[in-house]
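A.B. asks: for reference, the sequence and a predicted model appear below.
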Amino acid sequence: MWKQHLAMLAVVVGSVGGLFQLTRVERVDTHLSASPRTDAQSSSVRQSASAVDVEFSEYWQEKGLDVAEPATEMLVIRRLSLGLAGTLPSLEEIRALEQLPKDERIDWWLDRLFSDRRYADYVAERLARAYVGTENGPFLMFRRRRFTHWLSDQLHENKSYDAIVRDLISGRGTWTSNPAVNFVTVTFDQEKERPDPIRLAGRTARAFLGVRIDCVQCHDDFLGTVELGEADDPRSGIQRDFHQLAAFYSGTRVSAAGVRDETEPYKVQLLGDDGETSLLPSVPFHCDLLPAKGRRRERLAAWVTAPGNRAFARVTVNRIWALLFSRPLVEPIDSIPLHGDLPPGLELLASDFVDHGYDLQRLIRVITATRVFQLDSRGRFEVLPRHETGWAVYPLTRLRPEQVAGALTQACSVSTLDADAHVISQMMKFFQTNAFVQRYGDLGEDEFDDRGITIPQRLLMMNGELVNERTKTNLLFNASSQISTFADNDRDAIKAAYLACFTRPPTASEIAYFKDRLQETRGGTRSQVLTDLFWVLLNSTEFSWNH
Amino acid sequence: MSIFPSECGHQSHQLHRRQILQTTAGGLLFTTLAERLARAAESTSQRPKSLIVLWLQGGASQLDTFDPHPGSKIAAVAARKTSAKGIMLAEGLEQLADQMHRVVLVRSVMSREGDHERATYNAKTGFRPDPTLQHPAIGAVVCHQLHDQLDIPRHISILPGQWGARGGYLGEQFDAFRIGDPAEPVPDVRKQVSNKRFNSRLVDLREVEKSFRRGRLQQLDADKTLQRLTTQAAVKMMSSKQLSAFDVNSATVAERRQYGDTPFGRGCLAARRLVGAGVRCVEVTLNGWDTHTNNEESQRALVDQLDPAFAGLLRDLEHHQILDDTIVLCMGEFGRTPWYAGLGGRDHWPHGFSVCIAGGGANGGQVIGETSPDPSRDPEVARGQVVQPCSLADIHATVLHRLDIPYEEELQTPIGRPMVISKGTPVPGVF
C-alpha cells in the first residue's frame, strides 16, 4: 500500500524533476565538489602504492604467474563505487566523468566519494558488522541505528581510526548521548545484568587485533592455531590469555545513566581447576605496550591502538582491502598470523597506515592506487584459480545483497540517488532496498562468501518486484523509459543502458546485436525493448559480480 | 525394512530396535546378540523422510500450553485430560489433546539463552551463537545430508519471522525459501511478461553471458557463478507441476477447515502438501508469543490458532499415510516465567520449557522430564529442579538421528574448520 501512496505522491511532487532528469547531466560537474589534495599528498600516495607494487611483482614472479593488463578507469571507478558506497556511478555521474581527462578520473572520483555521505554510511554499516555483529541486540540499551550514524559521522569527518577504536573500547555514557558505547551494550547479558566480558574479549580480539582468541576460552590451544607471545618468543595460546583479556571488561556496568566502570575482580574456573581463580587484566602479546595506570578499558584501548601494536594496523588494512576487493588479503578476515608469513603488501600498508596517523581515506587511496587493485579481472592468458588466489587478476566476487540492491536502484535511475536526490526517490530506494535484501538474504557477518547465486535469488532477479518495478515503463522514475524516450538513436540508447548497468560502453558486436532488437520500433514497443534490455543486463553475471 | 521380512512390509509386522530392547527384559539384558539385532533392525527399518517445524516465535508459555501443572500454585489456566493417559494439557488445546497419543512431550528442555535473537539461533541450529561461525538451521542440515531431485525448494519457511532458517556455513543454497500466507501466490515464480518475451530475454541473456565469459576461468559457470545452472533450475521451477503443492486454495473446504482458517493453519496445510510432494523440511511460524503484558489473553488467542492447526496437521498426515514419514517438531526459543511479572505478563524463561515431537515413528503418548510445580525464582536453583533435563542440541540430535543423519560426524566449514553436526545426544525413548 505504501508503494502506491508513494507513487501517487511522486507523480504530484516529482514529475517536473523526473521529466528533466536527462537534461541535468550537463550541470552535474558544477555540484561535484572535490576536496583538494596537495601535490605532495598525491605523490606520497603514489610512492607508497609503488612500494606495494614492487612486492606484488616479486611475488608474481616467484609464483610464475602471468599478470592481467590494467582495467579501464571506468571499471576501476565501478569497483570503487561498489566497495565504498555499495552502488554504481549514475549515468549523470558517468557523463560528468567522461568530461574529465582520463588520468584524473579515478582521483576525482575518490574525492567525490569521500565527500559523499553514501561513502560514510555504507562503510559504517560494513564496519559495524565487525564491531557489533548483525544482531538486534538487547532492547532499549542497544541502538544500532544510533551506532551506525555515529560511526558514519566519524568516517565522514575522517577522524583517525585509532581514536574511533579508543572510543569504542573505552567509551562511557548512554547509548544515545555517546553512541560508541553500543559496542559494549550490545553484549548486555539480561540475566547477569551487565555486559558480557567474554563476548567483548572475543570481539575486541577479532575486530581490532585480527586474532581469533575465542578458541582458548574453554581450554588451552592444542591444535597450534592460536599463536600468541612475542615475535622472538612465540607460544600457543592458553586459557588464561583469553580470560585475562576479558578481565579488562569485568568491571564494566550498565545502568540508566549509561556505561560506567567499577573495579571488580574477574573470576573464572579454569579447565582442570577445582575452584575459581581471580585474574588480573593482561594482554597476550606486546605486554610492554600496556599502560600501567588508568581505567581498565582505557588501558586496553591504549594498548590495542598503540603504534607498536602491528596487529591493529594489519587487521584494519585487511578489512579495508576486503571492502575494495570483496575479498580480504588474509582469510579469514579476522585471523591474521601474529608472527607467521604475511602476504605481499600487508606490512607496507600497515606501516603506511600507522605513519600517517591511522588515516582511513589515505589507506583507501594507497590501496586503490596500487597496480593490483587496477588489474583487469580477465587475462590474455588462460585464467586459472591460482591467478585469482594470487591476485594476478582482480578477483571475481559476488556482490553482497545490499550492493545488488544499491546497484540495481541506481542503474535504473538516470539521476544520482544520493543525499541531494528528491526525497521521494530516496524513500523509494530505502524501502525497495530493504525489501529486496530481506528476500535476497543477508550474509550477516560472514562477509566474504563467494559461493554462486542461488535459485531463489535467480527467481528474485528474474521475476521479483524490484526488477519489475524499476525496469517497466515509467517515464518519471525509470531509466529504461527515459532512455527510450530521449535517446537520439538506437546506438545511444544501447550505450546509455550499458553505461547505467555495466559502467562501460557496449562493444561493437553488442551494439549490433541489440540494434537488431530496437530496429524500427517506436513508442510502446520501443519502450518494451528497452525494458527487456535492462532486464537482461540486470540479470547478467557482469552486473551482479564485482570484476 | 525388518530383520524378519514380512510380505506386506506393514509397520505392524516390523520389529524395531526399541521393541527388541523391550523384549530383552526391558533392555536390562542387553546382550551382544540383542545389540546386533537391534542395530540390524535400525539400519534397515523405514526412516522418516521429512521434517515439519512448527515454530512458536516469541516463546510460548509452557504453563498456558503444554505444562499446566494443575492443582499447583503456579497453575494459571485449567487443564484437561488428553488421549494419552496421565497427560494433561492447558485448556484451549482440546483438539491437540485428542492427538496426544501421537505426541511425545518433552517438558524439561533448558537453554542458556534468554534473548530472542540468540535463543532463536540456539533453538533453530542447536548451537549457541558463535561470532566466528554461522551454524545451519536443522532444515538446512537435513537438506544437506539427504539428497533428492525436486523442482521446487527442499527447505521452505512459511510466514517466516525476523530470524529465518538459514543455511549458515553450508551455504545460502540451503537457506529456507520464504513464502507468506499460502493463500497468496508463491512469490517470484510468475513471469512478469509473456512467454515469448521471457524466452527472448533468456536468449539475449545467453548472448551477454557469452561475452562476459571471455578471458575468464574456463569453468566459470560450474566452478564459480552457477549463473547458467541456477537460471535453468529457476526456469524449471517456474513451470513445475510440483508448485501446485503450495496451492492451499485447491484443497477442499473440509481439508482447509480442519486446520483453522488462519495463516498459520494454511501454513500447516501447505506444509502437509509440500512434504507429500517430497519437500524435506518446512518451517511454519506462529508469531506473537512474547507476552510481557496481558499474557493470559494473548496466549489464549495464539492457542486458538495453534490447536486446530497442530492437531489438523497430525490428523491429515495420518490420513494421507505420511505421518510415519514425517517428524513434526513444535517448539519456540524458550518458555516463560512460571509467575506473572507486571501488567499481567510473563517474561522469558529458558530454564525449563516444553517441546513436542510427533510423527516419524515417535512413541507418542508419553511425557519426558518435568519442571517443578514450585520453581525457585533463582534460575540456577530452578535449573536444578528440572527432572531429566535436556538441551536444544539434544532435541536436534534426536531428530537427526531418527532421520538417519550421522549427527556426530563433522562437516567442514568454508574455512576448513571441522564442525560437528550436532553436539547433542538423542533423548532416549522418543522414537
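C.D. replies: Okay, I see it. Model, not experiment: these values are computed from the prediction.

A.B. asks: can you map out the helices along the stretch 251-400 of chain B?
C.D. replies: Counting by DSSP state H, counting those that start in this stretch, the stretch 251-400 of chain B forms helices over residues B:253-259, B:263-276, B:295-319, B:379-385, B:392-402, given from the N-terminal end onward.

A.B. asks: mind putting those into CSV with mean pLDDT and mean neighbour count?
C.D. replies: C-beta here means a position set from N, CA and C on the backbone, and glycine is covered the same way. Converted to CSV, the helices of the stretch 251-400 of chain B look like this (pLDDT from 0 to 100; neighbours: other CB atoms under 10 Å in any protein chain shown):
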stretch, mean pLDDT, mean neighbour count
helix B:253-259, 93, 15
helix B:263-276, 97, 26
helix B:295-319, 96, 21
helix B:379-385, 94, 14
helix B:392-402, 98, 25
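
A.B. asks: model confidence at the residue nearest the centre of chain B, what's the number?
C.D. replies: For chain B, residue B:53 is the residue whose C-alpha lies nearest the centre (CA atoms, centre = their mean; 2.3 Å). Reading off the per-residue confidence, residue B:53 sits at a pLDDT of 98.

A.B. asks: so how far is residue B:134 from it?
C.D. replies: 18 Å (CB to CB, to the nearest Å).

A.B. asks: what does residue B:165 give?
C.D. replies: Where residue B:134 is concerned, residue B:165 sits at a distance of 12 Å (CB to CB).

A.B. asks: so these two - more neighbours on which side?
C.D. replies: residue B:165 (28 against 23; other CB atoms under 10 Å in any protein chain shown).

A.B. asks: quick check: that one is in a helix.
C.D. replies: No: with the criterion set as DSSP: H, G, I helix; E, B strand; the rest coil, the secondary structure at residue B:165 is coil rather than a helix.

A.B. asks: right, and it touches residue B:177 too?
C.D. replies: No: taking CB atoms under 8 Å as the contact criterion, residue B:165 and residue B:177 are not neighbours in contact, 9.8 Å apart.

A.B. asks: who touches both of the two?
C.D. replies: Overlap of the contact sets of residue B:165 and residue B:177 (by CB atoms under 8 Å, 6 or more residues apart in numbering or on different chains) consists of B:155, B:157.

A.B. asks: what residues go with each domain of chain A?
C.D. replies: By the assignment in automatic domain parsing, chain A contains the domains A:2-29+A:396-546, A:119-304.

A.B. asks: looking at these, which has the lowest confidence?
C.D. replies: Looking at the domains of chain A, the bottom one is domain A:2-29+A:396-546 with a mean of 82.

A.B. asks: distance between the ends of stretch B:406-413?
C.D. replies: Counting by CA to CA, to the nearest Å, you get 17 Å between the two ends of stretch B:406-413.

A.B. asks: so is that stretch next to chain A?
C.D. replies: No: using CB under 8 Å from any CB of the partner chain, stretch B:406-413 never reaches chain A; the gap is at least 9.8 Å.

A.B. asks: which residues does that stretch contact?
C.D. replies: Residues lying outside stretch B:406-413 but in contact with it, judged by CB under 8 Å, 6+ apart, are B:133, B:144-145, B:169-170, B:396-397, B:400-401, B:418-422, B:424, B:426.

A.B. asks: can you pull up the most central residue in chain A?
C.D. replies: Among the residues of chain A, the one closest to the centroid is residue A:323, at 4.1 Å (CA atoms, centre = their mean).

A.B. asks: I appreciate the help and will end here.
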